[in-house]
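> What shape does this take:
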Amino acid sequence: MLTGVHVEASGNDRAYGMGHVVCAIDLGPNSRRVLGWAGRFANEFGSRLSVVYISHVLDSSLGDEFDPRWQLDLTLQARKKIEQCQNDTGVKAEILMDGGNDVPKAVCSAAASLKADLIVIGRSVEGRFLGRLRNNSYAIIRQSPCPVISI
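Residues are numbered from 1 along each chain as shown. Coordinates of the predicted model:
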C-alpha cells in the first residue's frame, strides 16, 4: 500500500522522484523481506538506499542498576543484525541508527534529515504482528514528510 498523506497538503507541485529511499526495519521476522523489497525497488529506480533502525533508549532512572554500556552493547548487537540482514538479502545500504522511545517520530525525523523521497516499512501478515514497526506504522504514515509504502 502506497500512501502520501501530506503530499497534496504541502502545496508543492513538484513531481516526486525516487532519489532516496529509506527502509525502516525493526529487526523482527519480516525485516529481511522488507529490506529485500526496498533494495530491489531502489535498484530499479537507481535510488540511494538507507536503512533506519530506531532502538529504545534505556532509562537511566534505574539508578545503580543502570550501566550506560548496555545501550552501546544493544546498539552494536543491532548493527550486527542489520549487517547480517544485508548479507542475507544482498542489499547494501547506508545504516542509520538512532535511539528514541517515540519510533514514528524518530523514523520520520530521520527521513526528513536524509531528504527521503519514500519510506518503506513492513506491515502485518494476516494474523501476525511484526514488532514495533507494526504497532507504529499508522503513526509513521501520518507523520511522514514523504510517501510511505508498506509491504
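> And the helix of greatest length in the chain, what does it pack against?
Residue-count comparison of every helix in the chain, with assignments taken from DSSP state H, identifies helix 69-89 as the longest. With contacts defined as 3 or more Cβ pairs under 8 Å, 6 or more residues apart in numbering; DSSP states H and E, the secondary structure elements packing on helix 69-89 are helix 31-45, strand 48-55, strand 94-99. Glycine gets a C-beta too; all of them are placed from N, C-alpha and C.
> Would you mind measuring from the residue lying closest to residue 53 once chain neighbours are set aside to residue 123?
By the measure of Cβ to Cβ, 6 or more residues apart in numbering, the closest residue to residue 53 outside its immediate chain neighbours is residue 97, 5.0 Å from it. Distance of residue 97 to residue 123, given as Cβ to Cβ, to the nearest Å: 22 Å.
> Contacts only, for the residue most central in space within the chain.
With the centre of the chain defined as its mean C-alpha position, the nearest residue by Cα atoms, centre = their mean is residue 24, 1.3 Å away. By Cβ atoms under 8 Å, 6 or more residues apart in numbering, the contact set of residue 24 is 51, 52, 53, 54, 107, 110, 119, 120, 121, 133, 140.
> 6 Å instead, please
Taking Cβ atoms under 6 Å, 6 or more residues apart in numbering, we find residue 24 in contact with 52, 107, 121.
> Turn the residues you listed into TSV, columns for distance to residue 93, neighbour count and pLDDT.
What follows is the contacts of residue 24, written out as TSV (distance: Cβ to Cβ, whole Å; neighbours: other Cβ atoms under 10 Å; pLDDT from 0 to 100):
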residue	distance to residue 93	neighbour count	pLDDT
52	10	26	97
107	15	29	96
121	15	27	95
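> Just give me the neighbour total for residue 90.
Using other Cβ atoms under 10 Å as the criterion, residue 90 is surrounded by 10 other residues.
> With residue 47 as the reference, measure out to the residue lying closest to it once chain neighbours are set aside.
Using Cβ to Cβ, 6+ apart and skipping residues adjacent in sequence, the residue nearest residue 90 is residue 39, 7.3 Å away. Counting by Cβ to Cβ, the separation of residue 39 from residue 47 is 10 Å.
> Residue 19 now?
Distance of residue 19 to residue 47, computed by Cβ to Cβ: 6 Å.
> Those two: who's more crowded?
With neighbours defined as other Cβ under 10 Å, residue 19 and residue 47 compare such that residue 47 has more, 20 against 14.
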